[in-house]
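Peer 1: let's see this in three dimensions:
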Amino acid sequence: MSREDLEEARRLFERAIELEPEAASPYAFLGFTYLLELTQGWSADAALLDRGEALGRRAVELDPFDAFGHVTLAFASFYRDRPERTIAEAEHN
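Peer 2: This is a model prediction of the structure:
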């Protein structure tokens, strides 16, 4: 995946949220794009971690069974060095 691919995916997930704001998955996938931007080294902006985590939380608020919402929260917790929270979120899958 290139940075351009990531930016296009982000635009598409944002559009999906506009069209269906109560659908959980677009929030989770959008949140994961912010985490990928950090992990790929395309940005060092720590606010991206906050944004990714918040979007993952929103996905889980909308649908507690949204697997990718929990994956997004697990990755955010991992990068915050919160192993217990990482495991808890990962076990939702």
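Peer 1: ok, Ser77 touching Val71?
Peer 2: No. Counting by CB atoms under 8 Å, Ser77 stays clear of Val71, with 10.7 Å between them. In this view, the C-beta of every residue, glycine as well, is placed from N, C-alpha and C.
Peer 1: where do the contact lists of those two overlap?
Peer 2: Glu89 (CB atoms under 8 Å, 6 or more residues apart in numbering).
Peer 1: please pull out the lowest mean pLDDT helix or strand from this structure.
Peer 2: helix 83-90 (a mean of 90; mean pLDDT, DSSP states H and E).
Peer 1: give me the distance from that helix to the chain's centre.
Peer 2: Between the centre of helix 83-90 and the centre of its chain there are 15 Å (CA atoms, centre = their mean, to the nearest Å).
Peer 1: other SSEs contacting it?
Peer 2: When contacts are defined as 3 or more CB pairs under 8 Å, 6 or more residues apart in numbering; DSSP states H and E, helix 83-90 packs onto helix 67-79.
Peer 1: I would like the residues contacting the helix it packs on, please.
Peer 2: Against helix 67-79 from outside (CB under 8 Å, 6+ apart): 24-25, 27-29, 31-32, 35, 38-39, 49, 52-53, 55-57, 59-60, 62-63, 83, 85-87, 89-90, 92-93.
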